[in-house]
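**Q** Provided below are the primary sequence and the corresponding predicted coordinates.
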Amino acid sequence: MNSINTFDIPKNQISVSAYYVYQEGYSYDELCWLLAERESFIQLNFHKPSKEAIIEKAEQIYNARPPYDVLCWLIGERDLFIKRKASKNALDSLISDETNHI
């Protein structure tokens, strides 16, 4: 999983964001997919990744076996990072397709 510069995001905001991810009750596989989407989106400079790229990244994340709570934290962190750095249109394109893949 890539490291991103989240120094400007307070830890308490990440905790709240991670809590909301946790409350959704996603399966472990779904969390791997969601994190892969976000990692790929950031890596591509806020452009929508291909499904194949997401699948490859999701497999890497799944094989690394991070704990459930760590996945929630990383997704919450990346959500906040994306909301601060990406344009609204770019963010909407990522989120609107999410439900089609989970």
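**A** Good, I have the coordinates.

**Q** CA only for contacts and neighbour counts going forward, please
**A** Noted.

**Q** distance of Leu44 relative to Ala86?
**A** According to Cα to Cα, to the nearest Å, Leu44 and Ala86 sit 11 Å apart.

**Q** same check on Ile61?
**A** The value you get for Ile61 to Ala86, if Cα to Cα is used, is 23 Å.

**Q** swap in Asn63?
**A** 29 Å.

**Q** of the two, who's got more company?
**A** Ala86 (16 against 10; other Cα atoms under 10 Å).

**Q** ok, and the closest non-adjacent residue to the more buried one?
**A** Take Ala86 and drop its neighbours on the chain: the residue closest to it by Cα to Cα, 6 or more residues apart in numbering is Phe46, 6.0 Å away.

**Q** that neighbour contacts Arg84, correct?
**A** No. Phe46 is beyond contact range of Arg84, at 11.3 Å (criterion: Cα atoms under 8 Å).

**Q** neighbour count for these two, which is higher?
**A** Using other Cα under 10 Å as the criterion, Phe46 and Arg84 rank with Phe46 on top: 20 against 12.

**Q** circling back to that earlier point, any idea which helix or strand carries the residue nearest to Ala86?
**A** Per DSSP states H and E: Phe46 is located in neither a helix nor a strand.

**Q** likewise for the one 10 residues further on?
**A** Taking DSSP H and E as the definition, one finds Glu56 inside helix 51-64.

**Q** packing partners for the helix or strand just after that helix?
**A** Later in the chain than helix 51-64, the nearest helix or strand by DSSP H and E is helix 68-85. Applying 3 or more Cα pairs under 8 Å, 6 or more residues apart in numbering; DSSP states H and E, one finds that helix 68-85 contacts helix 11-23, helix 28-43.

**Q** which positions within the shortest one qualify as buried?
**A** Just to be clear, that refers to helix 11-23. Across helix 11-23, burial judged by 16 or more other Cα atoms under 10 Å covers 14-15, 17-18, 21-22.

**Q** now Pro67: how far from Ile82?
**A** 22 Å.

**Q** so His25, which of the three states?
**A** Small correction: residue 25 is Gly, not His. coil (DSSP: H, G, I helix; E, B strand; the rest coil).

**Q** no further queries at this time; thank you.
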